[in-house]
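Trainee: here is a sequence together with a model predicted from it:
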Amino acid sequence: MPEKKIYMDHSATTPVREEVVEAMMPYFSSKFGNASSVHSYGQEAGAVLQDCRERVASLLGACPEDIIFTSGGTESDNLAVKGAVFAKKDVPAGHIITSSIEHHAVLRPCEWFEKRGYEVTRLPVDENGLVNLSDVESALRDDTILVSVMLANNEVGMLQPIREIAGIVADTGAVFHTDAVQAVGKVPVDVEDLGVDMLSLSAHKLYGPKGVGVLYRRGGVRIEPLQVGGHHENRLRAGTENVAGIVGLTRAMELACGSMDAEGKRLSSMRDRLESAIMERIKDVRVNGAGARRLPHMLNVSIQGVEGESMLLLLDSKGIAVSTGSACTSGTLEPSHVLIAMGVPPEVAHGSLRVSMGYINAESEIDYVVDSLCEVVQRLRDMSPTYRSS
Ligand code: PLP
């Protein structure tokens with residue numbers, strides 16, 4: 001076992017903050033009521049649910065009745081995409097616009113419709129991973145039902161011009177959804193300011209528990225529920241609410257949003273230091289998304305002459321937990337669809353590393369990470385039959 005343990009994979013998931021665990025605990029024991037029950041236990045659960053709904057809404061600049069609690073980012077994205085398309089019964093097989101760099105929780109539901117006769121436009125991105133506004137404009141059609149473009153990418157961290165895209169989509173009759181799973185708690189997110197119709201978020205990306213999230217859905221935007229049963233969540237998502245999880249999500253969001261400015265500055269300065277040290281000490285490295293506005297805590301680099309999974313395992317043996325891309329695409333041999341869309345050659349994309357820091361990381365860890373990475377890269381390049389330094 002390595003002496004040190006450094007976790008720098010916060011885009012995959014985060015530890016639950018102690019304050020969040022504390023806030024959740026009573027809802028597993030003394031306050032265990034079902035929010036739909038009529039008696040005092042139920043009333044207590046119902047009241048805390050309403051309180052959480054109001055607090056989450058206020059953090060997002062939304063109305064409480066527009067907050068739908070879900071089981072996480074994947075469900076929120078599926079409910080947004082499938083729910084909005086199913087609700088448009090008057091368009092038998094219409095058109096959906098998304099981007100080529102979305103999370104699979106958006107891409108797969110779009111593919112699902114494509115297989116059933118809908119047309120899907122996947123907007124290209126430039127070398128920084130950004131969608132071009134004129135591409136959005138020209139992709140829109142009379143039968144476009146939904147546009148879904150993510151706020152912050154989970155592999156590279158670039159931030160899309162969501163406000164501008166929302167401005168283009170407004171008044172076209174299409175619904176605009178953004179996946180803000182990686183953005184909430186890291187950068188300001190206000191649904192009115194962004195002008196979005198729907199927005200997804202997930203608690204476990206912001207020091208909350210796994211298995212709980214939110215879909216914001218602006219009042220008046222029609223979506224068909226995917227899960228039917230009881231009358232929960234305004235009849236848009238049946239199932240007894242995960243009260244403890246929702247309490248945790250709410251507390252985690254408050255803490256993350258409250259410390260966002262200071263923590264963002266601290267993490268971006270650590271990220272910049274890490275980035276410069278890697279660029280100084282390792283040759284043939286490309287910083288992905290370098291020219292875009294990025295999440296403050298994330299760095300994605302492609303290192304020539306190394307294979308991502310090998311790099312990951314060697315770093316893990318030194319106690320460093322990082323990622324090659326999204327947790328979902330790790331473990332496959334496919335190069336990242338995000339990097340490929342950004343024009344990174346597949347052989348270079350294979351040598352990519354995502355470092356995502358969080359409040360548990362300290363500046364003092366950077367030197368050890370850089371030293372370890374230098375050693376690992378050297379070792380892998382020495383073994384590579386093809387790598388020749390430029
Ligand atoms: N969307 C993005 C951008 C993500 O990064 C993730 C998780 O990695 C998800 C959606 C899915 O969220 P969850 O893990 O809560 O289902």
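Mentor: That came through fine.

Trainee: wait, what's in contact with the closest residue to the ligand within the chain?
Mentor: The ligand sits closest to Gly73 of the chain, with a gap of 2.3 Å, by C-beta to the nearest ligand atom. From N, CA and C alone the C-beta is placed, and that goes for glycine too. For Gly73, the contacting residues are His103, Ala105, Asp179, Val181, Ser200, Leu201, Ser202, Lys205, Gly213, taking C-beta atoms under 8 Å, 6 or more residues apart in numbering as the criterion.

Trainee: I'd guessed the last one sits against Leu199; true?
Mentor: It stands for Gly213. No. Taking contact to mean C-beta atoms under 8 Å, the distance of 10.7 Å between Gly213 and Leu199 leaves them out of contact.

Trainee: and for His103, the neighbour number?
Mentor: His103 is surrounded by 22 other residues when neighbours are defined as other C-beta atoms under 10 Å.

Trainee: that one reaches Asp179, doesn't it?
Mentor: Yes. Under the criterion of C-beta under 8 Å, His103 makes contact with Asp179 at 6.0 Å.

Trainee: overlap of the contact sets of those two?
Mentor: Taking C-beta under 8 Å, 6+ apart as the contact definition, His103 and Asp179 share the neighbouring residues Gly73, Asp77, Met150.

Trainee: for the last one, what are phi and psi?
Mentor: Looking back up the chat, that one is Met150. When read as degrees, to the nearest 10, the backbone of Met150 gives phi -80, psi 150.

Trainee: residues contacting it?
Mentor: Counting by C-beta under 8 Å, 6+ apart, Met150 touches Ser99, Ile101, Glu102, His103, Val106, Gln160, Thr178, Asp179, Ala180, Val181, Gln182.

Trainee: the last one touches His297, doesn't it?
Mentor: I take that to be Gln182. No. Gln182 is beyond contact range of His297, at 9.8 Å (criterion: C-beta under 8 Å).

Trainee: these two: which has the busier surroundings?
Mentor: Set side by side, Gln182 and His297 show more neighbours around Gln182, with 29 against 24, by other C-beta under 10 Å.

Trainee: what parts of this protein come near the ligand?
Mentor: When proximity is defined by C-beta under 6 Å from any ligand atom, the chain lies next to the ligand at 72-74, 77, 103, 105, 150, 154, 179, 181-182, 202, 204, 213, 326-327.

Trainee: one more pass at 8 Å, please.
Mentor: 11-13, 71-77, 102-103, 105-106, 150, 152-154, 179, 181-182, 200, 202-205, 210-211, 213, 326-328 (C-beta under 8 Å from any ligand atom).

Trainee: list buried residues within these.
Mentor: Burial by neighbour count, judged by 16 or more other C-beta atoms under 10 Å, picks out 11-12, 71-77, 102-103, 105-106, 150, 152-154, 179, 181-182, 200, 202-205, 210-211, 213, 326 from those.

Trainee: please, where are all the strands along the stretch 1-150 of the chain?
Mentor: Assigned by DSSP state E, counting those that start in this stretch, the strands in the stretch 1-150 of the chain fall at 6-7, 67-70, 95-99, 119-123, 144-148.

Trainee: on that earlier part again, just the buried ones among the residues of the chain next to the ligand: which are in helices?
Mentor: Secondary structure defined by DSSP state H assigns Gly73, Thr74, Glu75, Ser76, Asp77, Ala105, Val106 of those to helices.

Trainee: and these, which two are the farthest apart?
Mentor: Glu75 and Val106 (12.1 Å; C-beta to C-beta).

Trainee: tell me where this protein is predicted with low confidence.
Mentor: Regions of the chain meeting the criterion pLDDT under 70 cover residues 1, 325-333.

Trainee: domain-wise, how is it divided?
Mentor: Residue ranges of the domains in the chain are recorded as 6-14+260-383, 18-258, according to automatic domain parsing.

Trainee: still on that earlier bit, let me have the strands of the stretch 1-150 of the chain in a markdown table, adding mean neighbour count as columns.
Mentor: Listed next are the strands of the stretch 1-150 of the chain as a markdown table, based on neighbours: other C-beta atoms under 10 Å:
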| stretch | mean neighbour count |
| --- | --- |
| strand 6-7 | 20 |
| strand 67-70 | 25 |
| strand 95-99 | 25 |
| strand 119-123 | 18 |
| strand 144-148 | 25 |
